[in-house]
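> Okay, here's the prediction I keep looking at, along with the sequence it came from:
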Amino acid sequence: MLLVIAYTRESRTSLRNVARAHEDSVVRQFGRVALFEATEFGAFQALRLREKHGEAIQVERTRPFNEFDAVRPAVREAARAYENRETPAVPYGRFADGRNLPPPEAMKGVEL
Amino acid sequence: MTDAAASGADVVRVRVGDVVRSGRAITLPDDVDPASVVEAIQSPDDADDTDSRIAVDASEPGPVHEHVGYVHPGMGLRTRTALARAARSRGMTAPDDEEVESIRERLTAIDVGEGDIADHRRAVAEVTTETERLREQVAAARGKLQAAREGGGDATAATAELESAVRQLSETETDSVAASQRLQRAREAARERRDRRERLRRLEDRAANLEREARAHLVGQLADRYREAVAAVPSAGNVADPFDADPVTAALAIARLAALSAPVVLACDRFGSAAAARRWLDAPVVRV
């Protein structure tokens, strides 16, 4: 999908207008952010907005996130274990320590 | 057609062709276009936009004049905005005025900086396409060399071709890495500009909210007097909700409440004379 973010009041108004006028090409809209369908028409709308507002419109392409593809098992296991912990107050760093789970700093250093 | 009391402040001088009229209540002949008179009041120096037959010498119009400076059937009116400006013209203030002013000052101090990183994106896309093409070329040259060897023929030419293709690919791959790095840096700079833009937008939103509140406050302060003024407008008829009054009635009521030193141009039939309108509005009047 195409993630379109508006950074000024004017571009936000344009984005809302475009999203309203082309609902069938908009997957989601929140405030000054919209997800357009990954079609040429979605791209056309995003490019129109960028043409009009320049850098006040940011366009990024998203892709589906498959955790079985994108991350090693330890990361999935860490998320599962941490969300099922018995002591709610413990921060993840301390939780991971001594449990053979990846420490936060290690995960921050690995790009997907 | 000179007003006997025409002296001191707020005296208006209107020239139509060779005829000059002055005073605080002026009546112009029917063939004068009232819109041109308004134009001449609001931008006296803008000769391009103004009917050269008409010149007006009067006090400079304030913001409320934009709304109620020309009263005519078919006019539009943002009643609350106009009423809030009328309140301002009388020197009334809202609680957060100072904060709005301080935000506006901060806004002018933020320099977002403009940028366009499309060239970097294009460069990356082009070099990527070129890399693909050269990879295919290397594979083809490799195949050719293989065939030459298996066929027992002379592999010299095929070897040279492969070497050349590999060299080109390697150069392009280096270019590709460099282009990607440049794009990455450009994206980081763009992100910083967006951070600044984001701060700017938050401040603008805040200022706009405060201004909306200020408007509501000012409208609230004048609401009772506005109601009375609407009831007093000649030929207003029965108005249930003064904020729903027809634009001419509402504009006259607001003009009456506002402190106006620039003349109000009237092209409506609510008053018997320019002098009557001037008395009712307590503002200089040009009646067409």
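Received it, and whenever you're ready, just let me know what you need.
> Every contact and neighbour count from this point should use C-alpha atoms.
Will do.
> So what sits opposite the closest residue to A:Ala19 other than its chain neighbours in the bridge?
Counting by C-alpha to C-alpha, 6 or more residues apart in numbering or on different chains, the nearest residue to A:Ala19 once its immediate chain neighbours are dropped is A:Val26, at 6.2 Å. Each beta-bridge partner of A:Val26 is listed here, defined by DSSP bridges: A:Phe36.
> From B:Val16, how far out is A:Val26?
Distance of A:Val26 to B:Val16, computed by C-alpha to C-alpha, to the nearest Å: 57 Å.
> that older thread, now for the residue nearest to A:Ala19: which residues touch it?
Listed by C-alpha atoms under 8 Å, 6 or more residues apart in numbering or on different chains, the contact set of A:Val26 reads A:19, A:34-37, A:42.
> Can you add neighbour count and pLDDT and give those back as TSV?
Converted to TSV, the contacts of A:Val26 look like this (neighbours: other C-alpha atoms under 10 Å in any protein chain shown; pLDDT from 0 to 100):
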residue	neighbour count	pLDDT
A:Ala19	21	95
A:Ala34	23	97
A:Leu35	23	97
A:Phe36	26	97
A:Glu37	17	95
A:Gly42	20	96
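> Pick the one among those closest to B:Ile41.
If you rank those by distance to B:Ile41 using C-alpha to C-alpha, A:Ala19 comes first, at 41.8 Å.
> Double-check that closest one against A:Leu35; I have them as touching.
No - with contacts counted by C-alpha atoms under 8 Å, A:Ala19 stays clear of A:Leu35, the gap being 9.2 Å.
> what touches both of the two?
With C-alpha under 8 Å, 6+ apart applied, the overlap between the contact sets of A:Ala19 and A:Leu35 consists of A:26, A:29.
> neighbours around residue 72, how many?
Defaulting to chain A. 11 (other C-alpha atoms under 10 Å in any protein chain shown).
> right idea, wrong chain: chain B
19.
> so what's it closest to, chain neighbours aside?
Once its chain neighbours are removed from consideration, B:His72 has its nearest residue in B:Ala267; the separation is 4.8 Å (C-alpha to C-alpha, 6+ apart).
> Next: A:Ala78.
By the measure of C-alpha to C-alpha, 6+ apart, the closest residue to A:Ala78 outside its immediate chain neighbours is A:Leu101, 5.8 Å from it.
> Just the strands from the chain, written as ranges.
Using chain A here. Per DSSP state E, chain A has strands spanning A:2-6, A:26-30, A:33-36, A:57-61. These are given in chain order.
> Chain B was what I was after
Under the criterion DSSP E, strands of chain B are mapped to B:12-16, B:19-23, B:25-27, B:54-57, B:70-71, B:264-266, B:285-287.
> wait, which of the ones you listed is closest to chain A?
Ranking these by proximity to chain A (C-alpha to the nearest C-alpha) places strand B:70-71 first, at 29.6 Å.
> Which elements pack onto that closest one?
If contacts are counted by 3 or more C-alpha pairs under 8 Å, 6 or more residues apart in numbering or on different chains; DSSP states H and E, strand B:70-71 sits against helix B:247-257, strand B:264-266.
> what sits up against it?
B:35, B:38, B:248, B:251-252, B:264-268.
> Same check on stretch B:260-270?
Under the contact criterion C-alpha under 8 Å, 6+ apart, stretch B:260-270 has outside partners B:10, B:12, B:24, B:34, B:37-38, B:41, B:58-62, B:65, B:68-73, B:89, B:233-235, B:248, B:283-288.
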